[in-house]
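Visitor: Okay, sequence plus prediction incoming.
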Amino acid sequence: MKQVGILLSGRGSNFLALSDAMEAGDIPARIALVVSNKPNAPGLKHAEERNYKAICIPSAGIEREAYDRQVVKEMQAAQVDIVCLAGFMRLLSTWFVQQYPLRILNIHPSLLPAFPGLHAQREALEWGVKVSGCTVHFVDQELDHGPILLQHAVPVLDDDTEETLSARILQHEHQIYPEALKLVCEERVRVEGRRVLTS
Ligand code: GAR
């Protein structure tokens, strides 16, 4: 049974999808800790309602690595094996990434390497792509960049707005994130360069 740590900043719907899959017994893992960097994040409230150990470590005004050291200290105290970023809107320091090599996952609402960053769905619409989607990847030092575990494509429709496209992508985020975490927890992945191979 792996111990999972969740990092979030907001709504927390991906956290809830991961939680549902673990509670249902689909993934051999449990949530050991939920950390929010925002005191008012709805995701933090959801975590408390589900009786997880949930804490806020506010990030405002704190230097990146100093902040990450606080987070990792809590993750280590909770014996976390795998960290899942679930709408955590901060770049991790190199130091943090080195503490959990190939043990930090992120979900992003585009087909990476297209549209990294904060406004992926808006940028996809503005660019005029006909297909977008979502990506689960291992986290490395660069933003939305590490080796890709799973992706799912969705069509971009002529009458899409940022909201409708985001909602269509989000449904699939909630499917591929638990699938990817399951692969990692079952130790069914190996990484060769940028390629993640599954068995
Ligand atoms: C999700 O769409 C996630 O892919 C995105 O933030 C949203 C969080 O929603 N993450 C990124 O853009 C990371 N660069 P949630 O809080 O409901 O899971």
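Guide: Okay, I see it.
Visitor: The closest residue to the ligand within the chain: which element?
Guide: Of all residues in the chain, residue 87 sits closest to the ligand, at 2.7 Å by C-beta to the nearest ligand atom. All C-beta atoms are positioned from the backbone trio N, CA, C, and that covers glycine. Remark: residue 87 resides in no helix or strand, with elements defined by DSSP states H and E.
Visitor: for it, what are its contacts?
Guide: 8-15, 43, 107 (C-beta atoms under 8 Å, 6 or more residues apart in numbering).
Visitor: for the protein, which helix is longest?
Guide: If you go by DSSP state H, the chain has its longest helix at helix 162-185.
Visitor: and that one, which residues are buried?
Guide: Buried residues in helix 162-185, counting neighbours by 16 or more other C-beta atoms under 10 Å, are found at 165-166, 168-170, 172-174, 176-178, 180-185.
Visitor: so which of the residues you listed also contact the ligand?
Guide: 170, 173 (C-beta under 6 Å from any ligand atom).
Visitor: Could you pull out the helices in this protein for me?
Guide: Under DSSP H, the chain gives helices at 13-23, 42-49, 64-77, 94-99, 120-127, 162-185.
Visitor: and those as CSV, adding mean pLDDT?
Guide: Compiled in CSV, those are given as follows (pLDDT from 0 to 100):
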stretch, mean pLDDT
helix 13-23, 98
helix 42-49, 98
helix 64-77, 98
helix 94-99, 98
helix 120-127, 98
helix 162-185, 98
